[in-house]
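K.L.:
structure for the following, please:
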Amino acid sequence: MSTIVAAAVQASWKRLASAGEVRQELSRYLRLAHNKGADVVVLPELMGVMLAIPLAGGLRGRLVKSSAGRSGFWGRLLGALSGGAAEVLGGLSAVLPRLVDDHSDTLRDAYEELFGQAAREHAVYLVGGSLYLQDDDGHVRALCGVFDRTGRLMGWQAKLHLSPAEAQLAVPGQTLNLFETEFGRLGVLLGADVLYPELARALAYRGAVAVACPAAVTAQADWRRLRLTLAARAQENQIFLAQSFLLGDNELVPNAGHAFQGRSAVVAPVELTPRTDGVLVEVGSPTAEAVVSAEWDFSALRELWKTASMRPRAELRGPLFLDLLRFDYESGATIDERLHTIEETSPHPALPEPIPLTAEGERPAELPPAEQAPVETDELAPTSSAEAFIADVEREADELTGPTSSETERPEPDTHRPGADTSS
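P.N.:
Sure, this is the predicted structure:
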């Protein structure tokens, strides 16, 4: 397919009491996307976590029986569930880690069934938003499933950069995956992963023509940062991207103080957008539910690769970056760690004290005695490269203008020198 329609869903976090309600919510958004002719639909980050609420509610009867007379985790879980499914979320942040540890397979099966059915019913490629699951190696990760038009799970993408709050629930992923579709290769970058240009570049090197970016953030500066970098990823790799934000109260992180917000968008290189601003379509409000869609024309994209005035795909100097960054990347150090090391081992040389100026802005003919340098001979060797440099500059200045001292008159301005100031 040379042209498809991509849709970004800006959806709200909701307290849903059953898997049936989750199914209805998914169907509502996908019907809107289907009516826009969508071939690819991107759901926000954390959409899959809503499955934990009805799952926990379904476990209540079993927990009541097994937790009689117990304290600790099971007692807290029972307390969280005692008010019914509608109150589960109040304790979800404390319950979720153990729920994932003990019932990851159940969560995975429910996610695959519900999101796969939604993709099949609406015949779309579905980037299903993320949830916390045990990965194949037994570690809990934030995972996003990708489904084809038949509802088949094509694979998972783990989130690679976690916030401190997320690090309490999961460990970062280690692999970057691609998903083969009828229009080309699709990549997925979750949340803050889009901030790191190397990830989108790695996807482009491996043939990705489009990237889906589910996101969930709780401050205006955060979603604006992700939106700005989204446009940069499109331009520097000449690919299409779609970003979907979650809305609503942030009940996963207690006392967060901010609600989920953002402006979902579908973006492209500036040459392929109507206002040459990199935006094909975006949601107008950072707090309103919406489904927006736009065409991705892959024939035009491939033509752009050959004809654009700036062609980063063709002009990228890979060996240059290898030389510049090999040591830093292989060391595993962050930028902060590297900067700290540099500052500790190679301090900047101290600068000389500034020469005082007169009210007229001229160098004084004679410095006050207390400020005169205790230098008795011109043959004293500089003690550092910085001092040597300063001495060279002063020597050249003396050769041009003559030494400045109490015994030497200031020379008259050369009125024959081009550009000389002859005013009195």
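K.L.:
work out for me the element residue 210 sits within.
P.N.:
strand 208-215 (DSSP states H and E).
K.L.:
er, residue 15 actually
P.N.:
Using DSSP H and E, no helix or strand contains residue 15.
K.L.:
measure it to residue 95 for me?
P.N.:
Counting by Cβ to Cβ, to the nearest Å, the gap from residue 15 to residue 95 is 14 Å. In short, each C-beta sits where N, CA and C put it, glycine included.
K.L.:
now the most centrally placed residue in the chain. Its backbone dihedrals?
P.N.:
Geometric centre of the chain, nearest residue: residue 195, 2.5 Å, by Cα atoms, centre = their mean. Dihedral angles of residue 195 (phi, psi; degrees, to the nearest 10) stand at phi -70, psi -20.
K.L.:
compare residue 15 and residue 95 (neighbour count), which wins?
P.N.:
Per other Cβ atoms under 10 Å, whichever of residue 15 and residue 95 has more neighbours is residue 95, with 21 against 18.
K.L.:
did I read that right, that one in a helix?
P.N.:
Yes. Counting by DSSP: H, G, I helix; E, B strand; the rest coil, residue 95 falls inside a helix.
K.L.:
okay, it: pLDDT?
P.N.:
On pLDDT, residue 95 comes in at 75.
K.L.:
quick check: it vs residue 234, distance?
P.N.:
Note on residue 95: its distance to residue 234, by Cβ to Cβ, is 39 Å.
K.L.:
residue 302 too?
P.N.:
Per Cβ to Cβ, residue 302 is found 15 Å from residue 234.
K.L.:
over to residue 109?
P.N.:
Residue 109 is 36 Å from residue 234, by Cβ to Cβ.
K.L.:
same thing with residue 118?
P.N.:
Taken as Cβ to Cβ, the span from residue 118 to residue 234 is 27 Å.
K.L.:
next one: residue 171
P.N.:
30 Å.
K.L.:
so where do the helices sit in the stretch 101-250 of the chain?
P.N.:
Per DSSP state H, counting those that start in this stretch, the stretch 101-250 of the chain carries helices over the ranges 197-205, 220-237.
K.L.:
quick one: which of the ones you listed is nearest residue 157?
P.N.:
Judged by Cβ to Cβ, the one of the helices of the stretch 101-250 of the chain that comes nearest to residue 157 is helix 197-205, at 10.5 Å.
K.L.:
who touches the closest one?
P.N.:
Residues from elsewhere that reach helix 197-205, judged by Cβ atoms under 8 Å, 6 or more residues apart in numbering: 160, 176, 178, 185, 187, 189, 193-194, 211, 229, 232-233, 236-239, 313.
K.L.:
is there a quick ChimeraX command that grabs whichever of those residues are buried?
P.N.:
Here is the ChimeraX selection string for the buried members of the contacts of helix 197-205, based on 16 or more other Cβ atoms under 10 Å:
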select :160,176,178,185,187,189,193,194,211,229,233,236,237,238,239
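K.L.:
which stretches of this structure have low pLDDT?
P.N.:
Residues of the chain meeting the criterion pLDDT under 70: 56-93, 254-257, 343-424.
K.L.:
one more pass at 80, please.
P.N.:
Along the chain, the model assigns pLDDT under 80 to residues 17, 52-95, 98, 251-257, 340-424.
K.L.:
how's it carved up into domains?
P.N.:
Following automatic domain parsing, one finds the domains of the chain at 3-316, 348-411.
K.L.:
now do the first one: distance from first to last residue.
P.N.:
Think domain 3-316. 27 Å (Cα to Cα, to the nearest Å).
K.L.:
just how off-centre is stretch 95-107 within its chain?
P.N.:
When C-alpha coordinates are averaged (Cα atoms, centre = their mean, to the nearest Å), stretch 95-107 and its chain have centres 28 Å apart.
K.L.:
break down the stretch 51-200 of the chain into its strands, ranges please.
P.N.:
Applying DSSP state E, counting those that start in this stretch to the stretch 51-200 of the chain gives strands spanning 125-134, 140-147, 153-158, 178-181, 184-188.
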